[in-house]
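> Dropping a prediction and its sequence here:
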Amino acid sequence: MSFPWAKEYTPTTELGQWMDKQLPLPRFIYNSVGAGYPAPRNLNYMWNFGSLAGLFLVIQIVTGIILAMHYAANSEIAFDSVEHIMRDVNSGWMIRYAHANGASFFFIALYMHIARGLYYGSYKAPREMLWLLGVVIYLLAMATGFLGYVLPWGQMSFWGAKVITGLFEAIPFIGKPIQELLLGGFAPDNAALNRFFSLHYLLPFVIVGVVIMHIWALHIPGSNNPTGVDVKGPQDTVPFHPYYTAKDGWTVGLALIFFTALMFFLPNALGHADNYIPANPLSTPAHIVPEWYFWPWYAILRAFTFDFLFIPAKLLGVLAMFSAILVWFFLPWLDKSPVRSGSFRPKFKMFYIILVIDVLILGYCGGAPAEEPFVMISQLAAAYYFAHFLIILPLLSSLEKPEPLPNSITESVTGKPLKTPAKN
Amino acid sequence: MVRIFGILIGLFFSGWLLVSFGMGAVEYISNPPAETAEHEFHKEAKEISFTSDGPLGKFDRQQLQRGFQVYKEVCAACHSLRLVAFRNLEEIGYNEDEVKAIAANWAIQTPDIDPATGEMSTRPSLPADKFPKPFANNVAAAAANNNAIPPDLSLMTKAREGGAPYVYSLLTGYTDPPANLPEANQPGPGLHYNPYFANLNLAMAPPLAAEDQVSYSDGTKASINQMAEDVSAFLIWSAEPKLEERHQAGWAVLAFLLIATILAYLSYRTIWADVKAEKKKKAA
């Protein structure tokens, strides 16, 4: 798609015309990230995290393919093969630290991107499919991150695999067979490591596939923007190239500065010391915690400490943990407010800020040991989390009176006084 | 419909969490968790700095050699260093001949197959060999050490919270148990009190027991603190031998990225100049 005023791709060289007739790949690029894709002129820096997530996905795939050339997915030698990469492979330490920290930066980009979508109502019509595909990408990224953390076969790899696959055990009747199917045995061992490696190599390419659909779905309605008001005409847009390629370009540099500062100077800051101890099924680490990007969900899992009638607490925790993310699939239909941007919804904005703090608190509790007062704090924070999405947002969309919207993007950019409230 | 179901599910989850919170809080108030002796007596690692600290950190090779000497003469009797090869010692300043001599004269020989008979045997180590393990296997290691297997030291400073300062604190932290230590936490037979160890009692006997336990060839006074510091520095190197390369590469990468990012920012400003000018003009 494109707006009617989008520039038409016109190849000037003979080769270009020949190519355009046979395989219009340059036309495709031109219309998706080139001058043929008009984007709202008022996108703020929160709109830069999509391209940054793409950047870190590419970094993960490239470094991951190189690591796979030297890594051995065998429980006897996996740990030592990682140390071989660190010590004997030329620049192997750099590739591995880039991969280990790249995962964290991929998730930072995803979380900022999701937070942007939540605040500016990017999940609302006509972008529901775009949002749904985004949630799928996030779920796939979580699976990939978990599988990858198992591969070095350290203590936290092993016990993480045991705890996470153990969650499936909580499902009545079919839980145990599912867990055994996932592990290829009764406990994590060589069979589990092999299939985890295979899937860890597969899933990133599935993510790429869904990312392509995500970007495709983006190009049908075009980007949302900080006002949430639809694009009304050419004056509201600028061509993606060179405007947003330049803006994305410099933040790529900025993100890489943060990324390399961490990976070269504090490469193990986000990891766990226990994972430099080889996996030992006979010795349980004092605190089993997943990687930081799973902490909020881990806190929700552990917040359920009491059985509800015949439902055991563990099963409740598992259901709640998955529901906490699956609720995002229903978000476009839970929040029916016609106004997209949180900037014009004063009450929504307040609850949104509480939600952000709430998730940070959940994250802190998820990384802390499972003892008081962290469990009680998690319970309050998890209660708000579910209330926010399932109770507050549905009620708010009928109760809240939004502020008047600007008539157009251009009007909001040029700062002229707002006149009549425009229909979105 | 979605909203009605959503509200019901939300009420269930949030409601049950609040009920759980209430029951947990009652339990917490009526029956507060007792403070454990581990929590009360455990100490955080001592403050100590190493030349390899920070983004500009470099190894002090003289210190690494002293630390290696401590490993060789004290730790190696029980602790393996299985991920490090003799040839790696060239990185801490030994020359090729010295490395050959260290390998050949190492107290434990490298296991191999006798080329004449095919029987298992041992031979003097070569620079390409990894450091041979002091015990043939974990069973032998446990049997010789009161059932506690001495851990491999290759990655020790990365495999413990607190890193090298923790290793230093542990080595210098042995004391007599405090008078008010509960009975249950008193060191049992074969255990030694050390407040820097997570559960306070450690199977390892104080390894650095006396001054001048090793005699440094560079004339440094071998106090217990000095030996502990040196071997901790050596273990930073054994865990992260590429640390200096990493720091150097990091600065080169950052310098490049800084220039590239400034250029990219300036081109962004240039490209957007007309749009921003239009915004200003209209606003005025």
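Alright, I've got the coordinates.

> contacts, neighbours, all on C-alpha from now
Fine.

> Determine if any part of the least confident helix or strand in chain B by mean pLDDT is in contact with chain A.
Comparing every helix and strand of chain B by mean pLDDT, DSSP states H and E singles out helix B:37-41 as the least confident one, with a mean of 85. No - judged by C-alpha under 8 Å from any C-alpha of the partner chain, helix B:37-41 makes no contact with chain A; its nearest approach is 12.8 Å.

> any idea which helix or strand comes after that helix?
Using DSSP states H and E, the helix or strand that follows helix B:37-41 in sequence is helix B:61-73.

> Contacts for that following helix next, please.
B:92-93, B:214, B:216, B:227, B:229-235, B:237 (C-alpha atoms under 8 Å, 6 or more residues apart in numbering or on different chains).

> Out of the residues you listed, which are close to chain A?
Among those, no residue is within reach of chain A (C-alpha under 8 Å from any C-alpha).

> Tell me which residues of the least confident helix or strand of chain B come out buried.
By 16 or more other C-alpha atoms under 10 Å in any protein chain shown, the buried positions in helix B:37-41 come out as B:38, B:41.

> Outline the domain layout of the chain.
In the absence of a named chain, chain A is used. Using automatic domain parsing, the domain ranges for chain A come out as A:1-36, A:37-412.

> was after chain B, sorry
Split into domains by automatic domain parsing, chain B comes to B:2-33, B:41-84+B:130-241, B:243-284.

> Any idea how far the shortest one is from the middle of the chain?
For domain B:2-33, the distance from its own C-alpha centre to the chain's C-alpha centre is 41 Å (C-alpha atoms, centre = their mean, to the nearest Å).

> Point me to the helix or strand that includes residue 261.
Answering for chain A, as no chain was given. With elements delineated by DSSP H and E, residue A:261 resides in helix A:245-265, which encompasses its position.

> The chain in question should be chain B.
Residue B:261 belongs to helix B:243-283 when elements are defined using DSSP H and E.

> what does the least confident helix or strand of chain B contact?
The contact list for helix B:37-41, computed with C-alpha under 8 Å, 6+ apart, reads B:181, B:182, B:185, B:195, B:198, B:199, B:200.

> Also stretch A:237-255?
Residues outside stretch A:237-255 that contact it (C-alpha under 8 Å, 6+ apart): A:6, A:33-41, A:48, A:51-52, A:55, A:231, B:257-258, B:260-262, B:264-265, B:267-268, B:271-272.

> Next to chain B, which bits of the stretch 201-350 of chain A? Give me the list.
Counting by C-alpha under 8 Å from any C-alpha, the positions of the stretch 201-350 of chain A adjacent to chain B are A:242-243, A:246-247, A:249-251, A:253-254, A:256-257, A:260-261, A:264-265, A:273-277, A:303-306, A:308, A:320, A:330, A:333-334.

> could you redo the last one with a cut-off of 7 Å?
Residues of the stretch 201-350 of chain A lying near chain B by C-alpha under 7 Å from any C-alpha of the partner chain: A:243, A:246-247, A:249-250, A:253-254, A:257, A:260-261, A:264-265, A:273-277, A:304-306, A:333-334.

> can you count the residues close to the closest residue to residue A:281 other than its chain neighbours?
Closest residue in space to residue A:281, ignoring its immediate chain neighbours: residue A:158 at 7.6 Å, by C-alpha to C-alpha, 6 or more residues apart in numbering or on different chains. Using other C-alpha atoms under 10 Å in any protein chain shown, the number of residues around residue A:158 comes to 25.

> do the same with residue A:94
Each residue near residue A:94 was counted by other C-alpha under 10 Å, and the total is 22.

> Which element, helix or strand, includes it?
Take DSSP H and E as the rule and residue A:94 turns out to sit in helix A:92-119.
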